[in-house]
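**Q** any chance you can model this:
(one chain, ligands or ions: 1)
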Amino acid sequence: MTVVRTPLVVGNWKMNGAFEANRALIEALLALLAQKPLPALGVCPPFPYVPQIGALLAGSPIGWGGQTVSEHRGGAYTGQVSAPMLRDLGCTYVIVGHSERRQYCGETDEQVSLQAVAALDSGLIPIICVGESADEEAAGQTLAVIDRQLAPVLTTLAGVADEGASVVIAYDPVWAIGTGKTPTPEGVQKVHAHIRQRLMDAGLVQSRILYGGSVKGSNAATLFALPDVDGGLIGGAALDAQDFSTICTAAANRAV
Ligand code: PGA
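**A** Purely as a prediction, here's the structure:
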C-alpha cells in the first residue's frame with residue numbers, strides 16, 4: 001500500500017465565536033484562500049456554531065468538525081454530543097483529548113481512546129491530542145507521558161482500525177499552547193519521530209501527526225518542513241484569517 005500523508009491543518013476555535021464574527025472570519029478566509037494551493041483543511045467551532053459554519057463552508061474545500069465527542073452513541077448523558085450527531089451536521093473531523101478537556105473536564109487516556117473509536121465508527125476523522133505539561137517537560141518525561149497517553153488509544157484502535165484508517169495524532173505540548181513558546185524544531189521532530197514509530201508498530205502507517213502549540217504564520221513553514229510533521233492544530237492563529245491562511249499555504253507547500 002502506498003503511504004500518502006496529505007498535509008492537514010485544523011483550526012480549533014476553542015470557546016470563541018459569535019454569529020457575526022464567525023461569518024466575517026469564514027468569508028475573509030475563503031477570500032484569502034481562493035486560488036491558493038490548499039492542504040486538507042478543517043475548522044472546529046464550538047458546538048452551537050457547527051451548523052452555521054457547515055452552511056458557510058458547504059461546497060468549499062474546507063471541512064469542519066467538533067472540539068470533542070462523547071464516547072457513547074446516545075442515551076442519558078446530559079450535555080454530551082455523540083459522533084452520529086456530528087456526522088448529521090456534516091462534520092469530517094473531531095478533536096479528542098485536547099489538554100484543556102483533560103485538565104478542565106477530567107478526561108482520561110482510556111476515555112479519549114473510546115472517543116476516538118466512537119468517531120471512527122461514525123466515519124469521522126479523530127484528531128487525538130497528546131502532550132506533556134511544563135513540569136513533565138522539565139523533568140524529562142515527555143516521551144514517557146506520550147507513551148502513557150497513546151497506549152490505550154493504540155491498543156483500542158489496533159482492534160478496530162485497518163492500516164489505512166484516518167487517524168490523526170496531534171502533539172500539543174501543554175506549555176506551548178497559547179504561550180507563544182514552541183519547542184525547538186529538533187525537539188518537535190524528536191517527539192514526532194517517536195510517535196511515528198509507535199503508530200507504525202501498531203500498523204497505523206497512514207496516520208498523520210500534527211504539531212500544535214503557538215503555531216503562527218511566522219513559524220509554520222519551519223515546523224511543517226520537519227520530516228514527521230504532517231501539518232498543524234491551530235488555536236489562537238485560527239481566529240485570524242490572515243495568519244491562518246498563511247499557515248495553510250505553508251502546509252500546502254510542504255513536500256509530501
Ligand atoms: P494555540 O493552541 O495555537 O493557541 O497555542 C493550540 C492548541 O490548543 O492545540
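
**Q** contacts, neighbours, all on C-alpha from now
**A** Fine.

**Q** who touches the host helix or strand of His194?
**A** Taking DSSP states H and E as the criterion, the element that holds His194 is helix 185-201. In this structure, residues lying in contact with helix 185-201 by CA atoms under 8 Å, 6 or more residues apart in numbering are 143, 146, 154, 171, 205, 207, 209, 211, 222-223, 226-229.

**Q** Gly75: how many residues sit nearby?
**A** Other residues within reach of Gly75, judged by other CA atoms under 10 Å, total 8.

**Q** hang on, it in a helix?
**A** No. Applying DSSP: H, G, I helix; E, B strand; the rest coil, one finds Gly75 to be coil, outside a helix.

**Q** show me which of the contacts of helix 185-201 are buried.
**A** Buried subset of the contacts of helix 185-201 (neighbour count, 16 or more other CA atoms under 10 Å): Leu143, Ile146, Leu154, Tyr171, Val205, Ser207, Ile209, Tyr211, Leu223, Leu226, Asp228, Val229.

**Q** for the stretch 51-200 of the chain, what are the low-confidence residue spans?
**A** The model of the stretch 51-200 of the chain has pLDDT under 70 over residues 159, 161-165.

**Q** so Ala138 versus Glu132, what's the distance?
**A** With distances taken as CA to CA, to the nearest Å, Ala138 is found 10 Å from Glu132.

**Q** again, but for Ala76
**A** Using CA to CA, one gets 33 Å for the distance from Ala76 to Glu132.

**Q** residues touching the residue nearest to Leu57 when sequence neighbours are not counted, list them.
**A** Of all residues not flanking Leu57 in the chain, Gly63 sits nearest, at 7.1 Å (CA to CA, 6 or more residues apart in numbering). Residues in contact with Gly63 (CA under 8 Å, 6+ apart) are Leu41, Gly42, Val43, Gly54, Leu57, Cys91, Thr92, Tyr93.

**Q** so how do I select the buried members of the residues you listed in PyMOL?
**A** Applying 16+ other CA under 10 Å to the contacts of Gly63 leaves a buried subset, and the PyMOL line that selects it is:
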select buried, resi 41+42+43+54+57+91+92+93
